[in-house]
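# coordinates for the following, if possible.
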Amino acid sequence: MTQYVGAIDQGTTSTRFMVFDHGGNVVARHQLEHEQILPQAGWVEHNPAEIWERTRTVIKSALAGARLTAADLAAVGVTNQRETTIVWDRRTGRPYYNAIVWQDTRTDRIVGEIEKAGKGELIRERAGLPPAPYFSGGKLKWILDNVPGVREDAENGDALFGTPDTWLIWNLTGGVRGGVHVTDPTNASRTMLMDLETLDWDDELLALFDVPRAMLPRIAPSSNPEGFGTSHADGPLKGEVTIAGVLGDQQAATVGQVCFQPGEAKNTYGTGNFLMLNTGPEIVRSKHGLVTTVAYQFGDDKPVYALEGSIAVTGSAVQWLRDQLGIIAGAERVEALALQVPDNGGVYFVPAFSGLFAPYWRADARGAIVGLSRFSNNAHIARATLESICYQTRDVVEAMQQDSGVELETLRVDGGVTANELAMQIQADFLGVPVSRPVVAETTALGAAYAAGLAVGFWRNTDELVANWHEDKNWQPTMSEAARQQGYARWLKAVSRTLDWVDRDDDDQ
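This next block holds a predicted model:
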């Protein structure tokens, strides 16, 4: 009898494979980073072949390390960085171009022209998204327009598009030897090409971006009893293992945090921050800078929707302190440095390296550190960096409450930054609500495992998943309301200083 479920978690900076038991406990894991390719300012790319090779390695290493084989797995789920765009040749399996990462801003002109033409409202209404460089549709159009041979091959059905979930599943299920070309509604809903109501590619949106339908994957439920395909005998999952669950990374974290009831919310602190609020079967149209997205679809059930606030730079701002400024030796050192000062000393850091995402959606913004004086030191900058993570979250919470009318009572958190206890205390203070971290912090991989396990009956229902959730720690707010509002007002002032910095004709666009 199979005792476990596996999960491939293909993220922005690394890929990992994890194995979970029925209680949602981690049994095995292995993780490897991949290269961040930065050809010019505003451009961010990954090598799809490297991602596939890393995936093969982490699966083999995790299983071997725990003395398991693929036969021990009831199913495998896949979760991934969502809007990152890959186009490859179905005949050779080779990508035509590097993966264009969700952080990349080169398509600002493309989406700007769509907005100027008065077509932005069509995207908002049909896809639930603002026209923005963040999403896949513009990146796909850029590849079609700029990489020789892709458009012709796409029209013929030989050039395939997918986000990393689709790329990995195609390779896992055979690649050039009959690989399955498929995705799920959570990933498809991030393209600006899918109708939120029908959960199918929309002809008007495809025409708007001039994308041939033949290159798009089939859309199947996130937890799929029929499966997304079985692993190929020559792949890392030797034997026939069913790939039964697929969720975009933030939707996977929502499932991993068991936010199954309308009004429940989670915030994931990774490269960026992603706050998601379950709105149930209702499509809630945002009027305050959030996106409407599919949270998940389990089997034949109706889809569950969510409001999401996506923030481009949070944990990666700490990496910037380490790699570009060199004021910390490792990301884990930022907390000790920030604790050397009692407050930010009047320093505010807005890390708008790729523009500002929710709720501003300003691709023209660029990062700024304001309020500097001779008194300021590296500890103030470190503390301002942690505060920037928490202030950006408050921006999204404010918008979410205005859109949904739901007052946040507790924020469930996960992701690497949650290990930073100072940051979590700051978050509770800035929001004025408790912050709660679960025992199993790897909620993204766990959510993918849950989707796969539900599909094959490893877990009978979501009640079993809710029973698995346990709190590890919570932080209670200690800041006065007056101090909270004063700090937030200064943050908004700092944000205003970052706007209108880049013109669309500038080189880094």
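# return the residues in contact with the residue nearest to residue 44 when sequence neighbours are not counted.
Excluding its sequence neighbours, the residue lying closest to residue 44 (C-beta to C-beta, 6 or more residues apart in numbering) is residue 101, at 4.1 Å. From N, CA and C alone the C-beta is placed, and that goes for glycine too. Going by C-beta atoms under 8 Å, 6 or more residues apart in numbering, residue 101 touches 12, 44-46, 81, 84.
# most neighbours among those, which one?
Among those, residue 84 has the most neighbours (other C-beta atoms under 10 Å), with 29 neighbours.
# from residue 187, how far out is that residue?
Distance of residue 84 to residue 187, computed by C-beta to C-beta, to the nearest Å: 10 Å.
# number of nearby residues for residue 148?
Using other C-beta under 10 Å, residue 148 has 7 neighbouring residues.
# the longest helix anywhere in the chain - what's its average pLDDT?
If you go by DSSP state H, the chain has its longest helix at helix 378-404. Averaged over helix 378-404, pLDDT sits at 94.
# touching the next helix or strand after that helix from outside, list them.
The helix or strand immediately downstream of helix 378-404 is strand 411-414, counting by DSSP states H and E. By C-beta under 8 Å, 6+ apart, the residues outside strand 411-414 that reach it are 253, 256-257, 259, 264-269, 397, 424, 427, 431, 433-438, 441-444.
# C-terminal to strand 411-414, what's the next element?
Elements were assigned by DSSP H and E; along the chain past strand 411-414, the next helix or strand is helix 421-431.
# quick check: angle from that next one to helix 378-404?
Relative orientation of helix 421-431 and helix 378-404, computed by axes from the mean of the first three to the mean of the last three C-alpha atoms, to 10 degrees: 40 degrees.
# mind listing what's buried along helix 421-431?
Going by neighbour count (16 or more other C-beta atoms under 10 Å), the buried part of helix 421-431 is 422-431.
# for the next helix or strand after it, name the packing helices and strands.
Moving toward the C-terminus from helix 421-431, the next helix or strand (DSSP H and E) is strand 435-438. Under the contact criterion of 3 or more C-beta pairs under 8 Å, 6 or more residues apart in numbering; DSSP states H and E, strand 435-438 touches strand 411-414, helix 421-431, strand 471-475.
# related to what we said a few turns ago, the longest helix of the chain packs against which elements?
Judged by 3+ C-beta pairs under 8 Å, 6+ apart, helix 378-404 is in contact with strand 265-269, strand 273-280, strand 304-311, helix 315-320, helix 334-338, strand 348-350, helix 421-431, helix 481-496.
# of those, which is nearest residue 295?
Nearest of the helices and strands packed on helix 378-404 to residue 295, taken as C-beta to C-beta: strand 304-311 at 3.9 Å.
# quick one: strands adjacent to the closest one?
Paired neighbours of strand 304-311 in the sheet (DSSP bridges): strand 273-280 (antiparallel), strand 291-296 (antiparallel).
# so which residues make contact with the longest one?
Going back to what we said before, that points to strand 273-280. By C-beta under 8 Å, 6+ apart, strand 273-280 touches 249-251, 253-254, 259-268, 293, 295, 304-311, 314-315, 389, 392-393, 396-397, 400, 404, 406.
# tell me, how many residues neighbour the residue nearest to residue 205 when sequence neighbours are not counted?
Once flanking residues are discounted, residue 205 sits nearest to residue 193: 4.9 Å by C-beta to C-beta, 6+ apart. A count of nearby residues for residue 193, using other C-beta under 10 Å, gives 28.
# from residue 207, how far out is residue 193?
Distance of residue 193 to residue 207, computed by C-beta to C-beta: 10 Å.
# do residue 188 as well
Distance, residue 188 to residue 207, using C-beta to C-beta: 17 Å.
# who has more neighbours, the two?
The neighbour comparison of residue 188 against residue 207 (other C-beta under 10 Å) goes to residue 188, with 27 against 10.
# identify the bridge partners of the closest residue in space to the more buried one that isn't next to it in sequence.
Excluding the flanking residues, the one nearest residue 188 by C-beta to C-beta, 6+ apart is residue 194, at 4.3 Å. For residue 194, the beta-bridge partners are residue 201 (DSSP bridges).
# these two touch, right, residue 194 and residue 187?
No. With contact defined as C-beta atoms under 8 Å, residue 194 and residue 187 do not form a contacting pair (9.2 Å).
# residue 261: neighbour count?
Using other C-beta under 10 Å, residue 261 has 11 other residues around it.
# name the nearest residue to it, sequence neighbours excluded.
The shortest distance from residue 261 to any non-neighbouring residue, by C-beta to C-beta, 6+ apart, is to residue 278 (6.4 Å).
# in the sheet, who's paired with that neighbour?
The partner residues for residue 278, given DSSP bridges, come to residue 306.
# now do it: how many residues are near it, please.
Neighbours around residue 278, by other C-beta under 10 Å: 22.
# can you start the count at 29 instead of 1 from here on
Yep, numbering from 29; the last one is residue 306 now.
# tell me how far it lies from residue 128.
Using C-beta to C-beta, residue 306 is found at 30 Å from residue 128.
# same question, residue 93
Residue 93 is 33 Å from residue 128, by C-beta to C-beta.
# likewise residue 136?
For residue 136 relative to residue 128 (C-beta to C-beta), the value is 13 Å.
# and the residue sitting furthest away from the middle of the chain, helix, strand or coil?
Residue farthest from the centre of the chain, counting by C-alpha atoms, centre = their mean, is residue 402 at 38.4 Å. Three-state call for residue 402 (DSSP: H, G, I helix; E, B strand; the rest coil): coil.
# pull the contacting residues for it.
By C-beta under 8 Å, 6+ apart, the contact set of residue 402 is empty.
# phi and psi next, for it.
Phi and psi for residue 402, reported as degrees, to the nearest 10, are phi -60, psi -20.
# so for it, what's the pLDDT?
As predicted, residue 402 sits at a pLDDT of 94.
# tell me the spacing between it and residue 422.
Residue 402 is 29 Å from residue 422, by C-beta to C-beta.
# repeat that for residue 333.
Distance, residue 333 to residue 422, using C-beta to C-beta: 23 Å.
# more neighbours: which of those two?
The neighbour comparison of residue 333 against residue 422 (other C-beta under 10 Å) goes to residue 333, with 25 against 18.
# just to check, the more buried one is in contact with residue 312?
Yes. Under the criterion of C-beta under 8 Å, residue 333 makes contact with residue 312 at 6.9 Å.
# any common contacting residues for those two?
Common neighbours of residue 333 and residue 312 are listed as residue 320 (criterion: C-beta under 8 Å, 6+ apart).
# contacts only, for residue 76.
Residues counted as contacts of residue 76 (C-beta under 8 Å, 6+ apart) are 114, 116, 123, 126-127, 192, 195.
# next, the buried residues of stretch 90-107.
In terms of neighbour count (16+ other C-beta under 10 Å), stretch 90-107 has its buried residues at 90-91, 94, 96, 98, 100-107.
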